[in-house]
Each structure stands twice: as structure tokens, then as C-alpha cells.
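Engineer: Predicted model and sequence follow; I will ask about them next.
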Amino acid sequence: MSERPPVVNYRLLLATVALGGVLAPINSTMLAVALPELRHDFNVGHAEIAWLVSAYLIAMAVAQPLGWRLGDQLGRGPVFRTGLALFLAFSLAIALSPTFEILILLRTCQALIGAAVIPNGMAMLRETQPVTRLGRSGGFIGSAISISAAVGPLLGAGLLELGSWRYIFLMNVPLVVAGLVCFALLRYPERGDRKPFAVDWAGAVMFAALLVTVTLLLNSLKGSHSGLFLIGVIIALPVVAFVFIQRQLSTETPIAEWQLFRNRSYSAATAYVLLSNLVMYTVILAIPFFVEEVQGKGHAVTGSLLGAVSVLAAVLAPIAGRASDSMGRRQPAFAGSLCMLAGV
């Protein structure tokens, strides 16, 4: 007989996980509106300002598998709570960044911490709710994420009108405090079957090096670096990839459960998430510069356009979640893929 999920306050659990889940998207879309202003304030080029986004996403990609593994080993609740507190601390530090280099460093650290919050929040849902409720739960969280992504640009534009991009990171204070309060009231029950603490830090470093090398290659292809630099990156990429693969094959604690990709459904779903996020973040990065630097329009126009990207998703996510509970996951996912293709 399978173990019954522990009893928790469902609505309070949804609120707790949602407040943790919205931190990454709302920070990304709020900051997107401010990218042109940041470029001028720190006197950097488009290639440099793009690293503010790239470094954040690379850190998130590297740290999410590690954050999930830490939750397995240390408990979902402690990792989730500590992640929220540290995210708040880094947000306050970012608001005081004196140089562009420090801004990127602190923003990357913020991403590393945020990456521990997201997977453990979703794991809290999975561990405490029956399978028949996971679709509607995921739909609610997806709707909250979409709403935050839609509201983020408008909030960012409003805060810029108040005088500074630094106010953007202070918006995290009420969100994180609300998340910590909800978690304290939830009293999430921890399970006793934790694994020994072991993380493949070397593998994480190699994964980060691989993603950085890919990013450098993409930047070099558009002519932002010399031909010699491009040749060096082309040579380095297969070397770094080989070392990373060897490390993952030889270690007892790889940074992710790579054998999951043997499941075709898992591989297809992962590829879908990867490609859809690639489209979304490309749009988020490009629109502010096009609207403000090419068309000469203001922050309000940028915020409205970026906000419109996520409005429909916020409405449809709960509906799609309930549909997946009743008819299965495959058909709603396939229909969503066709809609995205038509939109592109």
C-alpha cells in the first residue's frame, strides 16, 4: 500500500508555493523594462547588458537540479524557507550595487538562491497532494507565475517613473515576507527519509562552464568578438562538454537524474519547456531595446507590450490544469504547443 500524503492546508500551501514561484518571473520581467536605463547608467554596450540576463538564466539552470537535490537531503521546508530569506538579502544588496560587475555578481547569487526555492516548492505540492489534484495545483501556480510575469513590466515601468531602477529590487520585500509568513503558518510536515548530504560541486562547476561557453559562442557568432576568440570558443566547447559528460558518468551524485531522459515523455516535455522559455526570454530581452531605442517610446509602452505576453496564459493555466486532471496530460500539452506555434 502506498504511503498517504501528509495533511496540510491546501489553500495555504498553494499560496506559499505560488509566492516562491513568482519571484523569478516577476524579477525577470520587471528588470527587462529597465535594461536600456541600466545600459546608460553603467555606460555598457548591448552585449554586456545581455549578460545580466544570461548570467541569471545560466545560474538558474545550474542551480535548480542542485536545489532539488538539497531538498531531498536536507528537507523541502528548510531549503524553501532558507532560500526565501537569502533571496530577500540579495535583493536588498542588489539595490545598492555600485558597479555593473557587482550587479551581475549579486544578481547571479540571487538566481542561485531562487533556484532552490522553485523545485522544492513544487515538490511540496507533489508530496502532499494526490495525483488527481496535481493538474489543477500546477494550473494555479502557472497562472500565478503568468500574472506576475504580466504585471512585472508594468510595475517596472512605474518604478522607473518614480526615479530609479533600484526600486525594482525592493519590490521583493513584501513578496518574500508574505511567503515566509505563509510558510510559518503552514507548518509543513517534514518526512524522516532524507538522504545523506552529498552534492557534486565539481559537476555543477562544469555544467556552468558548459553553459557559459555556449553563450560565448552565440555572442561570438554575431561578431562581438575577434575571429581568434571565436576559434578558441569553438575548440573549448567540445572539450568542456566531454569533461562534463565524463564527470556525470563517473560520479555517484550527478547534478541531475539524467536517466529520466530515457523516458520519451519526460524528454519531450523538457524540450518543450526549454524551447518555449527560449522564445519567451528572447522576446523579453529584445522588446525594450526595440521600443525605447529604435522607436523612441517610453517605459509605459514597453511595460504594456511585455505584460501582454503573459495575460492569456494567466487565464488559461487553471483551465488547462483541470483539463489535464480529467483527460490526461498529453492532449492539453499538444494543443498548447500548436497554439504557440501558430502564435510564432
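Structural biologist: Happy to help now that I have it. As the structure is a prediction and not an experimental result, all values here were calculated from the model.

Engineer: which residues does the nearest residue to residue 63 once chain neighbours are set aside contact?
Structural biologist: Once flanking residues are discounted, residue 63 sits nearest to residue 115: 3.4 Å by C-beta to C-beta, 6 or more residues apart in numbering. No exception for glycine: its C-beta is placed from N, CA and C like everyone else's. With contact taken as C-beta atoms under 8 Å, 6 or more residues apart in numbering, residue 115 is in contact with 59, 60, 62, 63, 64, 66, 67.

Engineer: Just confirm residue 220 contacts residue 229, I think it does.
Structural biologist: Yes - between residue 220 and residue 229 a contact is recorded at 6.0 Å, counting by C-beta atoms under 8 Å.

Engineer: sorry, back to before: what about the residue nearest to residue 63, helix or strand, and which?
Structural biologist: Using DSSP states H and E, residue 115 maps to helix 100-128.

Engineer: Let me know the closest of the contacts of residue 115 to residue 15.
Structural biologist: Closest to residue 15 out of the contacts of residue 115 is residue 67 (20.6 Å), distances taken as C-beta to C-beta.

Engineer: worst-scoring helix or strand of the protein, pLDDT-wise?
Structural biologist: Ranking every helix and strand in the chain by mean pLDDT, DSSP states H and E puts helix 299-327 at the bottom, with a mean of 76.

Engineer: which one of the contacts of residue 115 sits closest to residue 297?
Structural biologist: Closest approach between the contacts of residue 115 and residue 297, by C-beta to C-beta: residue 60, at 30.0 Å.

Engineer: Relative to residue 316, how far out is that closest one?
Structural biologist: Distance from residue 60 to residue 316, counting by C-beta to C-beta, to the nearest Å: 24 Å.

Engineer: Just checking, which helix or strand succeeds the longest helix that the chain contains along the chain?
Structural biologist: Counting residues, the longest helix found in the chain (DSSP state H) is helix 131-162. Using DSSP H and E, the helix or strand that follows helix 131-162 in sequence is helix 167-170.

Engineer: Tell me the helices and strands packed up against that following helix.
Structural biologist: Packed against helix 167-170 by the contact rule (3 or more C-beta pairs under 8 Å, 6 or more residues apart in numbering; DSSP states H and E) you find helix 23-42, helix 76-94, helix 131-162.

Engineer: what's the first one packed up against?
Structural biologist: When you say that, I think you mean helix 23-42. Packed against helix 23-42 by the contact rule (3+ C-beta pairs under 8 Å, 6+ apart) you find helix 46-74, helix 100-128, helix 131-162, helix 167-170, helix 172-186, helix 264-289, helix 299-327.

Engineer: circling back: select from the helices and strands packed on helix 167-170 the stretch with the lowest mean pLDDT.
Structural biologist: Ranked by mean pLDDT, these bottom out at helix 131-162, with a mean of 81.

Engineer: is it true that residue 111 touches residue 54?
Structural biologist: No - checked against C-beta under 8 Å, the pair residue 111 and residue 54 is beyond contact range at 10.7 Å.

Engineer: Run through who's touching the next helix-or-strand element following the least confident helix or strand of the chain.
Structural biologist: Following helix 299-327 in sequence order, the next helix or strand is helix 330-343 (DSSP H and E). Under the contact criterion C-beta under 8 Å, 6+ apart, helix 330-343 has outside partners 265, 269, 272, 276, 279, 320, 323, 324.

Engineer: tell me which of those residues is nearest to residue 138?
Structural biologist: Nearest to residue 138 out of the contacts of helix 330-343 is residue 324 (C-beta to C-beta; 7.8 Å).

Engineer: just to revisit the earlier point, for the helix holding residue 115, the distance to its chain's centre please.
Structural biologist: 7 Å (C-alpha atoms, centre = their mean, to the nearest Å).

Engineer: What residues of that helix count as buried?
Structural biologist: Buried residues in helix 100-128, counted by 16 or more other C-beta atoms under 10 Å: 100, 103-104, 106-125, 127-128.

Engineer: Ok, stretch 201-209 next?
Structural biologist: For stretch 201-209, the neighbour count (16+ other C-beta under 10 Å) marks 203, 204, 206, 207, 208, 209 as buried.

Engineer: more neighbours, residue 220 and residue 229?
Structural biologist: Neighbour tally, residue 220 and residue 229, criterion other C-beta atoms under 10 Å: the higher count belongs to residue 220, 18 against 13.

Engineer: for that one, helix, strand, or coil?
Structural biologist: helix (DSSP: H, G, I helix; E, B strand; the rest coil).

Engineer: From residue 237, how far out is it?
Structural biologist: In this view, residue 220 and residue 237 are 11 Å apart by C-beta to C-beta.

Engineer: Before I go, just wanted to say thanks for your time.
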